[in-house]
Structure formats: structure tokens, C-alpha cells
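Engineer: from the sequence below, what's the structure:
(one chain, ligands or ions: 1)
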Amino acid sequence: MIYAEGLTKIFDDFIAVNQVSFSVAEGRVLALLGKNGAGKTTTIRMLSSILKPTSGSAKVAGYDIVLEAQKVRASVGVLTEHHGLYSRMTLWEYLEFFGSLYGMSALEVRQRAKPLLEEFELEGTEKKRLGEFSKGMRQKLALVRALLHNPPVLMLDEPTSAMDPESARVVRNAIAHLRGQGRTILLCTHNLVEGEELADDVAIIHHGRVILQGSLEEVKEQQLGAPEFLARLARPLNGATLRLPEGVSVTARGEDWVRFQVSHPRAHNPELLRALLHQQVEVLSFQEVPRSLEEVFLKVVRSEKENVD
Ligand SMILES: Nc1ncnc2c1ncn2[C@@H]1O[C@H](COP(=O)(O)OP(=O)(O)OP(=O)(O)O)[C@@H](O)[C@H]1O
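Structural biologist: Numbering: from 1, shown residues only. Have a look, this model is predicted:
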């Protein structure tokens, strides 16, 4: 659905985006992560045909971002960090104005916007002037605007920044819901917990280059090794040696707990549990040790910095 190949943007003599290639399959969410100034917004602006690339190419919803810019714009809903909201307009005036750019009549805008305003808890504010809206309300309205023409692709740049926790939750739930409807979403966020919650795939961009990409599971495994599982035991082990199936090793143990690293959990976890039972080791609980996207991000960005230094 989104396919970028060698996308590059040079401002004067500064390379903001350098040979970026990645793809996002239909119905998936890709979190594009990177430090301030890494090139995320510039990438989104190119992919939504707002900014022309210096070189490279991309297709979005099947359309070339340079040759078919109009069709790309019709297929993409964009939420940027700086959405010029005109403070004197009322909510309806604002949505009708943007709807008209997509060739929608006032009636169509209202029909389409009503359920969205409900979902984003903005109903009842239709006649208010935008100058009276809080930051969170503005952000939610900008999202409604991005969804107005029912685009199959969404590009969301920091969708929950400057929002209170409750509004941020409404927006995250909405993004999860949109993904459930099969939309393809490119999500830029500095909030790695949010990225972890919403994304299927991750790409890390650093000084304009993509330095890591893959599914959440892939990048975790690649950067942090095979997953680990913690078993809490019914009785102390008293120093007993455990016989383990192939593909399983012990990374740490205490009196009544053991941490296992398992190369292929689907195949090896059932074998491991059977082996423990066979050795009269009773397991009270067995769960994956959580590993965060934040760990992956910090590790990758730090090692990139060390390589440069
Ligand atoms: N129009 C422009 N002219 C010159 N330089 C620009 C322009 N737009 C962006 N840049 C530069 O390109 C680099 C990448 O900017 P970009 O906004 O894409 O980063 P970002 O990853 O979105 O950062 P942030 O997380 O802070 O929003 C920055 O160094 C920025 O200063």
C-alpha cells in the first residue's frame, strides 16, 4: 500500500532524507521512529505528495507520488504537527471547507463527519469557533478532517502529542479501530509505548537514513535475542540441575524461579513444560518477560552513535 524506494530530499545542501526504502502492507501500521530532526515529517510530506522528492520514488495506494500526486492526495489522510486551524471558523465551516477541497457537498461532509465527531467525543461543539478549542480538541478535529474523504491510507505525525491522557486514549483507540477496518497507517511518534501498542511494523530513521526495519517481533528478536520466559515454581529447586530440551537455555535462576531463553517458543515451550513436569518441577506461572520497543530503539540509536563517533 505504501512502497518507498530510495526516497531522498535535499534542502539546499542538507540531506534531510537519504535513500529511504520501506513498505507498509495493506491493513498494517508502521511506526516510523526517530529522534528530533531525523527526517520523519519530511518523509510523510513526500509520501503524501505535499513535497517533491529530490530523487527516489514511491507509490501510495498504487499511485506514483510525483506523477499521480492528485490521486495520492485523494487516497491519503494526513495529520501533520502544524495543522492550520482557522480560529474564527466554526467546526462545521472548517470541515465543510476541507470537504469542498475533496469535492464533497456540505451534506456529505455532515453525514460523514457526524459519527467521527461522536467517536472523538466532539459532538456538541459544532457551532463553536475553533479559537475556543483546547489543544486536544484541535488535534482530534484535525484527525476528523484527515478522515473526512474516507482515505484507505493514513499518515499521522505525532497524533497524540500535547494531549491529556484521556484524549490521547480516545485517539489511540480510534487509530486501533481504523486499523481494524483495514486501513494502512504510517505513524510517527516519539511515544514508544504508543508505537508498541499500535504498530505491526517498525522503521527507525536516523539522520535521514532507515537503520532498522521489520515487524515488532522481528526487531525485538534481532536486537535483543530470543524471547525469555519466567517460570515461578511451586517448590524451591534446592540447586537441582534441570535437563532441558534443545533450543532452551537458562539465563537466570533463583530459589523458586527460573528464566529461560527459548529460540522457538511455539515449538519449544510445550516441550519445556513437559520436561519440567517430568522432573517433578511444578510450575505455578509461566510468562514471557516483556521487552519493550524502547529498549530496541535506544540500543539501535546508541550503537549507531558509537559507530559514527
Ligand atoms: N523546508 C526545509 N528547509 C530546510 N531544512 C528543512 C526543511 N524541512 C525540514 N528541514 C530539516 O530536515 C531535517 C529533518 O526534519 P523533519 O521535520 O523531517 O524531522 P522529524 O524527524 O520530523 O523531526 P521532529 O521529530 O522534530 O518532528 C531537520 O534537520 C530539519 O531542520
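Engineer: which bits of this structure sit near the ligand?
Structural biologist: For the chain, the residues found near the ligand under the criterion Cβ under 6 Å from any ligand atom are 11, 14, 16, 34, 36, 37, 38, 39, 40, 41, 42. The C-beta positions use only the backbone N, C-alpha and C, and glycine is treated the same way.
Engineer: next, count neighbours for the third one.
Structural biologist: If you count neighbours by other Cβ atoms under 10 Å, residue 16 ends up with 20.
Engineer: low pLDDT regions in the chain?
Structural biologist: 82-85, 308-309 (pLDDT under 70).
Engineer: thinking again about what came up before, just the residues of the chain next to the ligand: which are in strands?
Structural biologist: 11, 14, 16 (DSSP state E).
Engineer: where do the helices of the stretch 51-200 of the chain begin and end?
Structural biologist: Along the stretch 51-200 of the chain, counting by DSSP state H, counting those that start in this stretch, helices occupy 69-75, 91-101, 106-119, 135-147, 165-180, 192-198.
Engineer: so which elements touch the second one?
Structural biologist: What that stands for is helix 91-101. helix 106-119, helix 135-147 (3 or more Cβ pairs under 8 Å, 6 or more residues apart in numbering; DSSP states H and E).
Engineer: angle of that helix against helix 135-147?
Structural biologist: 30 degrees (axes from the mean of the first three to the mean of the last three Cα atoms, to 10 degrees).
Engineer: so what touches stretch 224-231?
Structural biologist: 220-221, 251, 257-263, 265, 269, 276, 283, 285-289, 291, 295-296, 299 (Cβ atoms under 8 Å, 6 or more residues apart in numbering).
Engineer: how does it look with 7 Å?
Structural biologist: 251, 257-263, 265, 269, 283, 286-289, 291, 295-296 (Cβ atoms under 7 Å, 6 or more residues apart in numbering).
Engineer: and what of stretch 242-260?
Structural biologist: Contacts of stretch 242-260 (Cβ under 7 Å, 6+ apart): 228-233, 235-237, 261-264, 268, 271-272, 275, 279, 289.
Engineer: what segments of the stretch 201-309 of the chain are strands?
Structural biologist: 201-206, 209-215, 228-233, 248-253, 257-262, 283-288 (DSSP state E, counting those that start in this stretch).
Engineer: make TSV out of those and add mean neighbour count and distance to residue 195.
Structural biologist: Shown next, in TSV, are the strands of the stretch 201-309 of the chain (neighbours: other Cβ atoms under 10 Å; distance: least, Cβ to Cβ, whole Å):
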stretch	mean neighbour count	distance to residue 195
strand 201-206	23	7
strand 209-215	17	13
strand 228-233	18	22
strand 248-253	14	26
strand 257-262	19	25
strand 283-288	12	19
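Engineer: that concludes my questions; thank you for your assistance.
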